[in-house]
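Undergrad: pasted the sequence and its predicted model underneath.
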Amino acid sequence: MAQDYDEARPDVAEASERTLKDVQKMDAPNAKSVQSDLEETDLSEGQELPGAIVLDELVVEIVPRADDEFICGECFTVRHRSQVASEMNGVKICRDCGY
């Protein structure tokens, strides 16, 4: 007698059908319920996080450009004169941006 090996076995078919029915019975959350749960549990409002800078002024010391430095005409960063790759019409270009 020939046997069809591609046919699902009855015990496996019943188990997968039972599992599908169990999943369908579960009370799965939808997008609206998840959104409302997230809004209810948002505890970050009004609290400071450890290590966070809140209402503090940042103090930055500005150092003027030295005589041996230039500003790249492409990336606008201050570079040492040894980083000049090219100069066109008085505009210096650094090695990183070089033509």
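TA: Yes, it's here.

Undergrad: what's the weakest-modelled helix or strand in the chain?
TA: Of all helical and strand segments in the chain, the minimum by mean pLDDT, DSSP states H and E falls on helix 31-40, at a mean of 69.

Undergrad: okay, buried residues for the helix or strand just after that helix please.
TA: Towards the C-terminus, the helix or strand next in line after helix 31-40, according to DSSP states H and E, is strand 69-71. Residues residue 70 are the ones in strand 69-71 that count as buried (16 or more other Cβ atoms under 10 Å). For every residue, glycine as well, the C-beta is placed using N, CA and C.

Undergrad: what of stretch 61-80?
TA: Neighbour-count burial for stretch 61-80, counted by 16+ other Cβ under 10 Å, picks out 70, 72-73, 79.

Undergrad: what about it, start to end distance?
TA: From its first residue to its last, stretch 61-80 covers 19 Å (Cα to Cα, to the nearest Å).

Undergrad: from here on, call the first residue 135.
TA: Done: numbering now begins at 135, and the last item shifts to stretch 195-214.

Undergrad: mean confidence for that stretch?
TA: Mean pLDDT, stretch 195-214: 93.

Undergrad: how far is that stretch from where the chain is centred?
TA: Centroid displacement of stretch 195-214 relative to its chain, using Cα atoms, centre = their mean, to the nearest Å, is 31 Å.

Undergrad: who touches that stretch?
TA: Contact with stretch 195-214 is made by 215, 218, 225-228, 230-231, as judged by Cβ atoms under 8 Å, 6 or more residues apart in numbering.

Undergrad: swap in 10 Å and give it another go.
TA: If you take Cβ atoms under 10 Å, 6 or more residues apart in numbering as the criterion, stretch 195-214 is touched by 215-233.

Undergrad: pull out the buried residues from the residues you listed.
TA: Those of the contacts of stretch 195-214 that meet the buried threshold are 217, 226-228, 231, by 16+ other Cβ under 10 Å.

Undergrad: wait, which of these is closest to residue 160?
TA: Nearest to residue 160, judged by Cβ to Cβ, of the buried ones among the contacts of stretch 195-214 is residue 231 at 58.4 Å.
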